[in-house]
Each structure stands twice: as C-alpha cells, then as structure tokens.
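Undergrad: no FASTA, just this:
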C-alpha cells in the first residue's frame, strides 16, 4: 500500500462495529417478538414478562459498569470477542429455558423457596447471561471508534454503527416470527443466537490496533491523529503503569453526571419500544405472530434515518465554528423535540394502525439520533484511556432506567387490564417516552453549559 495515499480502512472497522451491533439487537429482540406466544403457552402476566425483561436490563446495567473497565483492560479486540461469545451463548440458552428453570426451581427448593414459575426462572437466567455479554458491545464499539476516527468524524461513525441496532430491529420481526411459526420458538433462539459466531471470524481477520494495522496507510493514521488535543492511541510504558482512573474519580466530574443522567432518562424509552411494541400491537389492534412483521419492520426502518442523520447533524454546527460538544448539544436539543409526537399515538390510534406506527417510529428514530450524539460526548470530553469506563457508568444508568420502565409498564398494564382499560397504561407510558429527552437535555446542559474537556486524569 502506498503510505502517501489516504486509505479508508477506518470505515471497514466501522462496518464491523455495525454488524456486531446488528447481531446484538437481533439477539435481544427475539423474546419480545415471541412474548404473546410464550405468554399463552406459559400463562405469563404482564408483570411476569416485565420481571424477565427487567432481569436482562438489571444485569446489563450492572455489567456495563464493569464492561467498560474490562474492555479498557483487555483491549478492544479481545474485549469485544469475549462479549460476543458470552451473549451468543446466552441467546442460544433461551431455547433450553425450561430445563434450566427446572434446575433452578430444584435448587431453590433445597433452600426452602418454592412456588416460583419454572418458565419465568428459566427465562430470567437466560436473559441475565445475555445481558452480561451484551453489556460489552457499546463500550467496545465506542472505544474502537475513538481509536480509528478523529473527533470530527466520531459522531458520524457512531451513528453508522449504531444504526446496526435499527437493522437488527428490522430483521428481527422479518425473521423471528417466521422461524417460530414454521420451526418452533426454540429454533428462533438457536438460529439467531448462532449468527454471532460468524461475525467473530471476520473480527479476528480484520481488526487490529491502528498502529499495528498493516492495511492502514501512514496518511490515514496521521489523519486519525489529526486532532490537536488527541491523546496517543498507545500509552507509553510509564502511562501503562500509571494508576488507573477510578470510578469515584470519574464521578467527581459534572461531565460524567451529564452523560449518566442523559442515559438514565432516555435508554429506558428505547427499551420500552423494543420490548413492548409487539404486545402493544396485540392489545390495541389484535395483531399477532406474522401479522406484526411489516408494521414493526417499517417502524424500525424509520430509525435508520435518525441514526445516520443524527450522526451527521452536529457536523453542520461544527462547520459553522462550534466546538464538538457545543455543536452536539445544539443538535440534541432539536432532536429532543421530535419524540413529543409520540403524545399523539394513542389519541389518533383509532384512525389507523399506521398512525401510531409512524408517530412512534419518529420517536424511535429521534432516540437513535440522540444516542449517536450522547455516546460521542464522552469521547469529546474524556481521554481515550477512560472512555470505556465512562461509557460503562452511563450504560449502567441507562440499564437501570430500562429496569424502571419495564417494571412500571408491567405494573400499569396489569393494573389497567384489571380495570378493563389497558390502553390507558400505554397512554401513560407513551407520555413518559415523549417528554424524557427534553428533561434529559435540560439537565445535561445545566451540568455542562460549555465545552470543557477533561485533561487532568
């Protein structure tokens, strides 16, 4: 390769991150698409389903705190590989949830606990393993982005790989109901879970640290490091031996709290859309099994626009002279206005199923635009050595927000179902989803009004 010619290998890495995120979301969405089928087979309540999804989110949340640290320690290559192996095995384990549940029920019986549903126990354990593995995806992907892209391109790269979440969300309703309908629900977990191992082959072939990457030209490496305040990709020996940045030290900074609060307020919205929309279509419109394939595929296809467009949007302000953080915050305020349309989903839902699908799709698209930018605020503010850890802290907060949304939703739906007005529960939840982003932006802007990068870690 001619080192004087600018290569574009960094976009190959971005493609790998995109496909990993696609697999990540495929695996986590299988359960929601089979919810009504499993609910009928195992006689679950909404609270049972909420407990199962909350188990994933709680383990995901706690693991995110450590996942970032583990990725920082293992490095991007092995950190990502280990995470994917664990979550793929967790996805496959769902197919054996009933035998696992019997084993757990027997164990609980030995210590005097009984009466817990075998199916709920089995799926809770399977979701916990999945959540533990999946917690490594975004810390590793953001770290890889910080390694391979200059700051001015990071939000675009993040938006592109983050759109893998949308592709996964699109592919899942197009494949999972069909597989379950023709081969049984166990096969859906087995087939989708096995896909991750194919990605692993390409990851080991194509990924290496930039300074060791033979496919990367000298010109592109210099471009990656073009930021005047860029920290070195590879720490020196003295830096490697230096004291690690503790979580408590990171929590002293308002920048950490701004990211953490933003994730707590908004991640739960996406979790709610991901885990409860199939049930909403069943409750509101009587749609089930393969009937939900097209509406959900259309809804999640819309989110592609938000993910990629959201990554590009702050560059418009940066070209006008704004610092990266300031440009991002301007873009995020505009993005935060779009979810307000979700407030109309229930009032207008009686006209046609497509009205709430489109309105919720706009809200979900706005979330992806928001997500592409909020992740990138971390690499704007913090040196690369601490990016994974800060992402982990915020990811934990986002997971806890997801637990709150799942438990609240399950409780509301069972309560209003008992009153014969379950739709009221969805009206309340959609209102929370609509307002979450503006509240998050106001608090984030109050904590960090101007661009203030951390330089003394």
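TA: Right, received. Where do you want to start? Treat the numbers as computed from the prediction; the structure is a model and nothing was measured.
Undergrad: quick check: chain neighbours aside, which residue is closest to residue 196?
TA: Leaving aside its chain neighbours, residue 196 sits nearest to residue 88 (3.6 Å; criterion: Cβ to Cβ, 6 or more residues apart in numbering). No exception for glycine: its C-beta is placed from N, CA and C like everyone else's.
Undergrad: could you look up the SS state of that neighbour?
TA: What DSSP: H, G, I helix; E, B strand; the rest coil gives for residue 88 is helix.
Undergrad: now do the contacts for it.
TA: Contact analysis of residue 88 by Cβ atoms under 8 Å, 6 or more residues apart in numbering lists 23, 27, 133, 193-197.
Undergrad: isn't residue 164 up against residue 26?
TA: No: at 9.4 Å, residue 164 does not count as touching residue 26 under the criterion of Cβ atoms under 8 Å.
Undergrad: and which of the contacts of residue 88 is nearest residue 414?
TA: Nearest to residue 414 among those is residue 27, at 27.1 Å by Cβ to Cβ.
Undergrad: and the top helix by length along the chain, average pLDDT?
TA: For the chain, the helix with the greatest residue count under DSSP state H is helix 384-418. Averaging pLDDT along helix 384-418 yields 88.
Undergrad: flag every buried residue along that helix.
TA: Neighbour-count burial for helix 384-418 flags 384-410, 412-414, 416-417 (criterion: 16 or more other Cβ atoms under 10 Å).
Undergrad: tell me which helix or strand comes right after that helix.
TA: Next in sequence after helix 384-418, counting helices and strands by DSSP states H and E, comes helix 422-447.
Undergrad: what about the strands in the stretch 201-350 of the chain?
TA: Counting by DSSP state E, counting those that start in this stretch, the stretch 201-350 of the chain forms no strands at all.
Undergrad: got any ranges where it has weak pLDDT?
TA: Applying pLDDT under 70 to the stretch 201-350 of the chain flags the ranges 227-244.
Undergrad: what residues sit buried inside stretch 88-97?
TA: For stretch 88-97, using 16+ other Cβ under 10 Å, the buried residues are 88-97.
Undergrad: any idea which of those residues is closest to residue 57?
TA: Set against residue 57, the nearest of those by Cβ to Cβ is residue 90 (13.9 Å).
Undergrad: now do the contacts for that closest one.
TA: So residue 90 contacts 27, 126-134, 193 (Cβ under 8 Å, 6+ apart).
Undergrad: among those, which are in helices?
TA: Per DSSP H, helices hold the following members of those: 27, 126-134, 193.
Undergrad: excluding chain neighbours, what is closest to residue 453?
TA: Excluding the flanking residues, the one nearest residue 453 by Cβ to Cβ, 6+ apart is residue 381, at 5.3 Å.
Undergrad: could you double-check that that neighbour lies in contact with residue 255?
TA: Yes: assessed by Cβ under 8 Å, residue 381 is found in contact with residue 255 at 4.5 Å.
Undergrad: between those two, which contacts overlap?
TA: 448, 452, 454.
Undergrad: just give the number of residues close to the nearest residue to the first one once chain neighbours are set aside.
TA: Nearest non-adjacent residue to residue 448, counting by Cβ to Cβ, 6+ apart: residue 258, 4.7 Å away. The burial count assigned to residue 258 is 24, neighbours taken as other Cβ atoms under 10 Å.
Undergrad: now do the contacts for residue 258.
TA: 377, 443-444, 447-448.
Undergrad: pLDDT value on the residue nearest to residue 196, please?
TA: Reported pLDDT at residue 88 in the predicted model: 96.
Undergrad: and stretch 438-455, what's buried?
TA: Within stretch 438-455, the residues that count as buried by 16+ other Cβ under 10 Å are 440-441, 443-444, 447-448, 451, 454.
Undergrad: what is the end-to-end distance of it?
TA: 29 Å (Cα to Cα, to the nearest Å).
Undergrad: how far does it sit from the chain's center?
TA: Centre-to-centre, stretch 438-455 and its host chain are 22 Å apart (Cα atoms, centre = their mean, to the nearest Å).
Undergrad: average pLDDT for that stretch?
TA: 88.
Undergrad: check stretch 159-171 too.
TA: 85.
Undergrad: may I see the buried residues of it?
TA: Those would be 159-171, for stretch 159-171 by 16+ other Cβ under 10 Å.
Undergrad: stretch 214-226 too?
TA: Judged by neighbour count (16+ other Cβ under 10 Å), stretch 214-226 contains these buried residues: 216-217, 220-221, 223-224.
Undergrad: which of those residues fall in helices?
TA: Checking the buried residues of stretch 214-226 against DSSP H, those in helices are 220-221, 223-224.
Undergrad: distance to residue 71 added to these, as CSV?
TA: Output for these, formatted as CSV (distance: Cβ to Cβ, whole Å):
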residue, distance to residue 71
220, 24
221, 22
223, 24
224, 19
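Undergrad: what comes into contact with stretch 397-407?
TA: The contact list for stretch 397-407 (Cβ under 8 Å, 6+ apart) reads 50-51, 53-54, 57-58, 60-62, 64, 131, 135, 260-261, 263-272, 275, 429, 432.
Undergrad: could you rerun that using 7 Å?
TA: Identification of contacts with stretch 397-407 by Cβ atoms under 7 Å, 6 or more residues apart in numbering yields 50, 53-54, 57-58, 60-61, 64, 260, 263-265, 267-268, 271-272, 275.
Undergrad: same check on stretch 128-143?
TA: For stretch 128-143, contacts defined as Cβ under 7 Å, 6+ apart pick out 17, 20-21, 24, 27-28, 55-57, 59-60, 63-64, 67-68, 71, 76, 79-80, 83, 86-87, 89-91, 93, 161, 375, 378-379, 387-388, 391-392, 395.
Undergrad: of the residues you listed, which count as buried by neighbour count?
TA: Among those, those classed as buried by 16+ other Cβ under 10 Å are 17, 20-21, 24, 27-28, 55-57, 59-60, 63-64, 67-68, 71, 76, 79-80, 83, 86-87, 89-91, 93, 161, 375, 378-379, 387-388, 391-392, 395.
Undergrad: tell me where the stretch 201-350 of the chain has helices.
TA: Using DSSP state H, counting those that start in this stretch, the helices of the stretch 201-350 of the chain run over 218-224, 237-241, 247-250, 254-285, 293-318, 324-337.
Undergrad: identify whichever of those helices lies nearest to residue 7.
TA: helix 218-224 (4.5 Å).
Undergrad: and that closest one, what other elements does it pack with?
TA: Packing contacts for helix 218-224, counted by 3 or more Cβ pairs under 7 Å, 6 or more residues apart in numbering; DSSP states H and E, involve no helix or strand.
Undergrad: roughly how far out does that helix sit from the chain middle?
TA: When distances are taken as Cα atoms, centre = their mean, helix 218-224 is centred 30 Å away from the chain's centroid.
Undergrad: next one: stretch 21-36
TA: Distance, stretch centre to chain centre, for stretch 21-36: 12 Å (Cα atoms, centre = their mean).
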